[in-house]
Structure formats: structure tokens, C-alpha cells
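> any chance you can model this:
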Amino acid sequence: MDPKVKAGIWVSMALRLSDIAGRSGAVLRKGDPDSGGILCVLRARDAMVVLSQVRDAEGRPAWMRGTGLVPVDQPTADAYVERQVKRDPDLWVVEFDSPDLKPPFEARLI
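From the prediction side, this is the model:
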């Protein structure tokens, strides 16, 4: 099993990579700095995708499209984030400008 990186450190790294790629990023909600889960909101001009941090069957870190395979509008993305935060108050929510709806960090999507 891969060692888990602390959430606060991972968020700082993702924001730095986003900045290097010329895309803005922002923390919308701070969660537990050590063991909080992470939701990444990818924002294009008129669509959004919310990625949820998961582990695959072998325990490796991965991401899933929590809002589904098809991009959604802002109210749908906001409702998804709100439901997840109610279930896990330790969640971080980080948003990135992403015209291509791809994360600005290395991500294995499942």
C-alpha cells in the first residue's frame, strides 16, 4: 500500500502545479490537515466536474468523477459537494480553472 500524503500538503502541491500550468486554483473549504479527504472541482466555461479522492481495489490512490462521466452545471456540482461535506466534515474542497476539464496534477481516473 502506498503511504498516504497529508491532505494539507497534497492541496499545497496541487495548487502549486496548477499555478505552474497557468491555471488558477483556490481552496473553497479547508478540511482536516492530516487525514481529510479531498474533492477537486474542475471548472470550465459552462461545465464542471467534481473529482473525489478514492482508492482502487489494490489500495492505490485514484480519483473518480463523483458527478458522473458527463460534465454538469454549477448547481449540480454544488449539490454534490454539499452532500459529501455533510457526510464527511473533514473534507477539503479545492477548485481549479480547467478549460479542458482535466486536473492540473497527475491523476489516475477510475
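
> apart from its chain neighbours, what residue comes closest to the spatially most central residue of the chain?
In the chain, the centroid-proximal residue (C-alpha atoms, centre = their mean) is residue 40; its distance is 1.7 Å. Sequence neighbours aside, residue 51 is the residue nearest to residue 40 in space, at 4.3 Å (criterion: C-beta to C-beta, 6 or more residues apart in numbering). No exception for glycine: its C-beta is placed from N, CA and C like everyone else's.

> now do residue 25
In space, and not counting its chain neighbours, residue 25 is closest to residue 18: 3.8 Å by C-beta to C-beta, 6+ apart.

> what's across from residue 62 in the sheet?
residue 54 (DSSP bridges).

> quick one: contacts for it?
54, 55, 56, 107, 108, 109, 110 (C-beta atoms under 8 Å, 6 or more residues apart in numbering).

> where's it relative to residue 110, distance?
Taking C-beta to C-beta, to the nearest Å as the measure, residue 62 falls 5 Å from residue 110.

> overlap in contacts, those two.
Shared contacts of residue 62 and residue 110, defined by C-beta under 8 Å, 6+ apart, comprise 54, 56.

> picking that back up, who touches the residue nearest to residue 40 in this structure?
Neighbouring residues of residue 51 by C-beta under 8 Å, 6+ apart: 39, 40, 41, 42, 63, 64, 65, 66, 103, 107, 109.

> restricted to strands, list the residues you listed.
Residues of the contacts of residue 51 located in strands (DSSP state E): 39, 40, 41, 42, 63, 64, 65.

> I'd like to know which of those are buried.
Neighbour-count burial (16 or more other C-beta atoms under 10 Å) applied to the ones in strands among the contacts of residue 51 gives 39, 40, 41, 42, 63, 65.

> which one of those residues is nearest to residue 13?
residue 40 (12.3 Å; C-beta to C-beta).

> show me what the closest one is bridged to.
When assigned by DSSP bridges, residue 40 has beta-bridge partners residue 51, residue 94.

> that'll do, ta.
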